[in-house]
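Novice: Sequence and predicted structure, then a few things I'm wondering about:
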Amino acid sequence: MKKVLSIAGSDCSGGAGIQADLKTFSVHGVYGMSVIVSVVAENTGRVLGIQDVSPDMIGKQIDAVFEDIEVDAVKVGMLSAPDCMEEVVEKLKYYHPENIVIDPVMYAKNGCPLMEPAAIKTLIGTVIPLADVLTPNIPEAEKITGSRINSVEEMEKAARAIHTIGCKAVVIKGGHAAGNALDVLFDGKEVWHFDTARIDTKNTHGTGCTFSAAVASQLARGMGLREAVQKAKDYVTMALSHSLDIGKGCGPTHHFWHLYQYGLREEREG
Ligand SMILES: Nc1ncnc2c1ncn2[C@@H]1O[C@H](COP(=O)(O)OP(=O)(O)OP(=O)(O)O)[C@@H](O)[C@H]1O
Ligand SMILES: Cc1ncc(COP(=O)(O)O)c(N)n1
């Protein structure tokens, strides 16, 4: 069985962060593991508080996983502060796992900040260059490049600009744009589009976490980059079309395992 590690924040309401990642890993038939970087008291409507785990304890969790278990892919999510980022970067450089997917989480869906504004420098200087795949949404890509994104052409331009920071590939997710939900992949050579109709729902809590965890799962299973992104897009579309009206704010994606497993079974038999 392939093994995938999430290094991210804990969302006690279960829709995003580590909890969304582990649900996504299970549906993809990979063994999920977690290193908790921050404990976030949040729900579908707001963030009540953030408590970062100490860098020493983040490092020990990463050591505990890597000294014992082979890791086929790593998904990195919320890293709130520069010292957390530096610890994660140091350990990933030391253990050098394959298939590092980094979601540069900055805000929750409800607009609450999940990364200290001053951490952007460390994010760009040390975290982003480690990514095999970086998955910013449009506001995150704007913060990283310092340029506004108002069209698909500008998404492509931003993906190329972010690639020069040193990551191997970039997917700019179009959840925050108007019109179709169109994501743009730049793999260092070519640009690819992944396009679906926009699903009319407020229940989009955790879409970014679900997408990046799905990419990491597919890469761990040996899929090539373009196919992994397409499969992750299919998965998040399905999880969103069955999203749950839980809570008073933006409800979570639904990890609709039996349909997806059916798809996996078809793939194996076909
Ligand atoms: N309403 C929607 N209908 C269809 N697909 C969507 C919708 N909203 C987001 N997506 C898709 O979900 C994925 C995640 O995109 P999004 O831009 O929402 O990420 P995000 O903002 O990082 O998410 P999060 O805020 O949960 O971290 C992308 O593949 C995007 O195209
Ligand atoms: C711990 C944690 N990590 C990531 C997100 C982003 O997800 P969303 O923007 O869908 O709330 C979150 N809310 N909480």
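Specialist: Yes, it's here. Ligands and ions are numbered 1, 2, ... in the order given.

Novice: got the contact list for stretch 184-195?
Specialist: Identification of contacts with stretch 184-195 by Cβ atoms under 8 Å, 6 or more residues apart in numbering yields 152, 155-156, 159-160, 163, 168-172, 174, 180-183, 225-226, 229-230, 233. C-beta coordinates here come from the backbone N, C-alpha and C atoms, glycine included.

Novice: same check, this time on stretch 219-227
Specialist: Outside stretch 219-227, the residues touching it (Cβ under 8 Å, 6+ apart) are 2-4, 28-30, 72-73, 98-99, 101, 132-133, 169, 185, 187, 192, 218, 228, 231.

Novice: which parts of the protein sit against ligand 2?
Specialist: Of all the residues in the chain, those in contact range of ligand 2 (Cβ under 6 Å from any ligand atom) are 8-9, 11, 16-17, 40, 42, 77-78, 105, 108-109, 114, 205-209.

Novice: Inside helices: which ones of the residues you listed?
Specialist: 17, 207-209 (DSSP state H).

Novice: ok, and the most crowded of those residues?
Specialist: residue 209 (31 neighbours; other Cβ atoms under 10 Å).

Novice: from memory it sits against residue 21, does it?
Specialist: Yes: between residue 209 and residue 21 there is a contact at 5.8 Å, judged by Cβ atoms under 8 Å.

Novice: Common neighbours of the two, please.
Specialist: 8, 77.

Novice: hang on, residue 84 in a helix?
Specialist: Yes: Residue 84: assigned to a helix according to DSSP: H, G, I helix; E, B strand; the rest coil.

Novice: Run through who's touching stretch 52-63.
Specialist: Under Cβ under 8 Å, 6+ apart, the answer for stretch 52-63 is 7, 35-39, 80-81, 83-84, 86-88, 90-92, 95.

Novice: From the residues you listed, list just the buried residues.
Specialist: 7, 35-39, 80-81, 84, 86-88, 91-92 (16 or more other Cβ atoms under 10 Å).

Novice: Pull out the buried positions in the host helix or strand of residue 234.
Specialist: Residue 234 belongs to helix 225-241 when elements are defined using DSSP states H and E. Neighbour-count burial for helix 225-241 flags 225, 228-233, 235-240 (criterion: 16+ other Cβ under 10 Å).

Novice: Check stretch 197-213 too.
Specialist: Buried residues in stretch 197-213 (16+ other Cβ under 10 Å): 203-213.

Novice: Mind telling me the two of those residues farthest from one another?
Specialist: Pairwise distances across the buried residues of stretch 197-213 (Cβ to Cβ) peak at 18.7 Å, for the pair 203 and 212.

Novice: okay, which residue is most central for the chain?
Specialist: Nearest residue to the geometric centre of the chain (Cα atoms, centre = their mean): residue 212, 3.3 Å.

Novice: From residue 17, how far off is that one?
Specialist: From residue 212 across to residue 17, the span is 11 Å (Cβ to Cβ, to the nearest Å).

Novice: list the residues that contact both of the two?
Specialist: Joint contacts of residue 212 and residue 17 (Cβ under 8 Å, 6+ apart) are residue 77.

Novice: what secondary structure does residue 175 sit in?
Specialist: Going by three-state DSSP: residue 175 is coil.
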